[in-house]
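> Okay, here's the prediction I keep looking at, along with the sequence it came from:
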Amino acid sequence: MTEYVPPKVWTWAQPSGGEFANINRPIAGPTHEATLPVGAHPLQLYSLGTPNGQKVTILLEELLAAGHVGAEYDAWLIDIRKGDQFGSDFVGINPNSKIPALLDRSGPEPIRVFESGAILTHLAEKFGAFLPADPAGRAACFSWLFWQMGSAPYLGGGFGHFYAYAPTKIEYAIDRFSMEAKRQLDVLNRRLADSEYLAGADYTIADMAVFPWYGGLVLGRLYNAAEFLSVADYTHVVRWAEAIDARAAVKRGRRVNRIGDDGVTERHKASDIDV
Ligand SMILES: N[C@@H](CCC(=O)N[C@@H](CS)C(=O)NCC(=O)O)C(=O)O
């Protein structure tokens with residue numbers, strides 16, 4: 001391999017190669033006009049069943065399972081491999097062009113919410129659920145919720161990208177991000193050795209945010225990397241992930257907006273997932 005010498009000014013000359021290269025570009029904004037569909041429910045979710053998308057559908061299914069009928073929702077598929085995230089209506093909700101995005105139409109004016117952490121918080125506050133009310137519990141919940149937002153890009157964009165998706169295996173990059181992924185697993189393992197859930201004794205939106213990433217990793221669902229990262233060593237994370245994975249609402253939420261397997265590409269009523 002010839003050594004790369006960066007030019008004075010970077011230009012977007014060619015696709016970077018590897019998976020997802022076709023959707024990567026150095027500019028924001030819409031690429032085309034596209035109207036988003038609107039269903040019957042006040043909550044309109046535009047998403048895809050990736051770990052970031054699953055956080056929100058898990059919460060919505062948990063809310064419904066807990067009896068919050070106002071959490072009924074329409075979940076529409078945004079196929080990011082086809083570039084749906086660059087359609088004009090979607091960019092109108094999320095200027096960052098990434099799933100998940102939510103339109104809450106329950107008030108006089110629609111409220112747009114983007115970034116999964118903001119969506120989880122919006123819904124948890126709206127229904128008064130899965131977010132502790134006492135200041136200490138709330139602080140713990142937000143701490144682990146924001147930990148996920150800052151940490152998972154190293155797991156997905158760093159480790160997952162270079163281990164599973166990059167067109168060439170670069171030892172330096174895989175070493176750097178394996179070290180960080182394992183450090184993060186150890187952070188979680190130490191916390192979960194002392195605490196049943198991340199924010200304390202109760203299951204909260206922090207667990208729902210962290211589970212699809214790090215739970216998925218230790219359950220062997222992400223990047224085919226369970227053996228490579230010795231995930232079985234993180235026994236407390238495995239215990240926590242298995243308990244969350246066994247929840248009926250989690251099983252339902254993981255299927256929404258998923259393409260293939262037992263996925264449900266669109267969800268408009270409970271029975272869409274039952275079949
Ligand atoms: N920090 C964001 C991350 C969202 C994100 O990275 N979404 C990915 C799918 S998992 C996406 O839509 N990618 C499309 C693109 O980058 O064009 C969140 O938590 O909502």
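Looks like it came in fine.
> can you tell me which residues contact residue 255?
49, 262, 263, 264, 273 (CB atoms under 8 Å, 6 or more residues apart in numbering). From N, CA and C alone the C-beta is placed, and that goes for glycine too.
> scratch that, residue 225
By CB under 8 Å, 6+ apart, residue 225 lies in contact with 159, 160, 163, 164, 217, 231.
> hang on, the earlier thing: any of the contacts of residue 255 buried? List them.
49, 264, 273 (16 or more other CB atoms under 10 Å).
> how near is the residue nearest to the last one when sequence neighbours are not counted to the ligand?
Nearest residue to residue 273, sequence neighbours excluded (CB to CB, 6 or more residues apart in numbering): residue 252, at 4.9 Å. Residue 252 sits 19 Å away from the ligand, taking CB to the nearest ligand atom, to the nearest Å as the criterion.
> Kindly report the same for residue 269.
Taken as CB to the nearest ligand atom, the span from residue 269 to the ligand is 25 Å.
> Quick one: which of the contacts of residue 255 has the lowest pLDDT value?
pLDDT across the contacts of residue 255 is at its lowest for residue 262, which sits at 91.
> for the chain, what spans make up the strands?
Under the criterion DSSP state E, the chain contains strands at 43-47, 73-77, 101-104, 111-114.
> Out of those strands, which is closest to residue 11?
strand 111-114 (29.1 Å; CB to CB).
> Provide the strand pairings for that closest one, with the direction of each partner.
Strand 111-114 has the following sheet partners, assigned by DSSP bridges: strand 101-104 (antiparallel).
> got a list of contacts for the partner strand?
38, 42-47, 56, 78, 90, 93-94, 110-114, 119, 122-123, 126.
> could you flag which of those are buried?
42-47, 56, 78, 90, 93-94, 113-114, 119, 122-123, 126.
> OK, contacts around whichever residue of the stretch 101-250 of the chain sits closest to the ligand?
With CB to the nearest ligand atom, the shortest gap between the stretch 101-250 of the chain and the ligand falls at residue 116, namely 3.5 Å. Contacts for residue 116 were tallied using CB under 8 Å, 6+ apart; they are 52, 53, 55, 56, 100, 149, 209.
> In contact with residue 106, which residues?
Contacts of residue 106 (CB under 8 Å, 6+ apart): 42, 43, 70.
> Thanks a lot, see you next time.
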